[in-house]
Structures are given as C-alpha cells and as structure tokens.
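Visitor: model the structure of this input:
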Amino acid sequence: MNHLISETSINREKGFTIIEVLVAMVIFSIGVMGVAQMQMQALNSNKRAFQQTEAAMWATSEAEDILSRTYTEVLASVLEGSKDVGPNSKYNVAWKIEEPTTRTITIKITVSWNGSTGVQNFVFDSVKYYHL
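Guide: Numbering: from 1, shown residues only. Predicted structure coming up:
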C-alpha cells in the first residue's frame with residue numbers, strides 16, 4: 001500500500017493555479033502600460049524642450065544681430081518685421097524695435113512655431129542704451 005498514491009497526495013502538488021498566473025499577468029501588464037505611458041510622456045517633453053531651445057537660439061541670434069548695430073543703424077533700419085527660419089521654415093521670428101528715445105532702444109522678439117499642442121511662442125525682450 002505504500003506504493004499506491006493516495007488521493008490526498010495528488011491534491012497537495014506544488015505549483016500555481018491558472019487563476020494565480022492570470023492575476024500575476026494582469027498586474028504585470030498594468031505595470032508595463034504605466035512604464036510605456038511614462039516613456040511616451042518623456043519623449044513628448046524632450047521634443048517640447050528641444051523646440052523651446054531652438055526657439056531661444058533663433059531669438060538670441062536675431063537679438064545679437066539687432067544689438068550689434070549702432071544707434072544710427074538702428075534708426076535707419078526697419079523697426080518691425082518677421083522672417084521664417086529653421087529647417088523647413090518651421091519657426092517664425094518677429095521683431096519689433098520700439099521707437100528709440102534718449103539713445104535707448106527696446107527690442108521685443110517673438111519666435112512662433114506649431115507644436116504638438118498648437119501654436120507655441122517664445123518671447124525675448126531686451127533694452128540697450130547707447131553711450132555718446
């Protein structure tokens with residue numbers, strides 16, 4: 001009789017039930033979906049940061065161009081305008097030089113582009129005083 005397998009020993013086998021495996025798979029799947037969502041959010045944030053960095057670069061470039069001019073050159077130049085820049089003219093750089101007074105100029109540069117959430121803007125303001 002020792003060699004016979006009793007009914008109680010069959011019920012005591014080690015292992016996981018199909019329900020336990022399914023529950024574990026559901027919990028694992030929820031975790032993987034959360035990680036995937038975080039990855040997508042990180043990619044979108046990186047894209048926005050890259051676009052803002054490019055916009056700041058274009059604004060700074062235009063500001064340096066305007067600020068490098070003499071007061072007489074500024075008076076003789078176009079006080080307001082815009083141009084498309086960047087790959088595929090992705091960015092629009094608009095500048096406005098407020099009417100110069102007392103040898104001081106105020107510059108406002110706005111860079112616009114179409115981002116994933118609509119039109120995005122980066123604004124750069126600067127003031128320069130010209131010594132005599």
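Visitor: where does pLDDT dip in the protein?
Guide: 1-13 (pLDDT under 70).
Visitor: tell me where it has helices.
Guide: 7-11, 18-67, 71-76 (DSSP state H).
Visitor: what would the ones you listed look like in CSV with mean neighbour count and distance to residue 117?
Guide: From N, CA and C alone the C-beta is placed, and that goes for glycine too. Below are the helices of the chain laid out as CSV (neighbours: other Cβ atoms under 10 Å; distance: least, Cβ to Cβ, whole Å):
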stretch, mean neighbour count, distance to residue 117
helix 7-11, 7, 59
helix 18-67, 12, 8
helix 71-76, 12, 36
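Visitor: quick one: which of the ones you listed is nearest residue 83?
Guide: Nearest of these to residue 83, taken as Cβ to Cβ: helix 18-67 at 8.5 Å.
Visitor: which other helices and strands contact the closest one?
Guide: strand 91-97, strand 104-115, strand 118-129 (3 or more Cβ pairs under 8 Å, 6 or more residues apart in numbering; DSSP states H and E).
Visitor: got these as JSON lines, with mean neighbour count columns?
Guide: Shown next, in JSON lines, are the helices and strands packed on helix 18-67 (neighbours: other Cβ atoms under 10 Å):
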{"stretch": "strand 91-97", "mean neighbour count": "19"}
{"stretch": "strand 104-115", "mean neighbour count": "18"}
{"stretch": "strand 118-129", "mean neighbour count": "13"}
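Visitor: much appreciated, bye for now.
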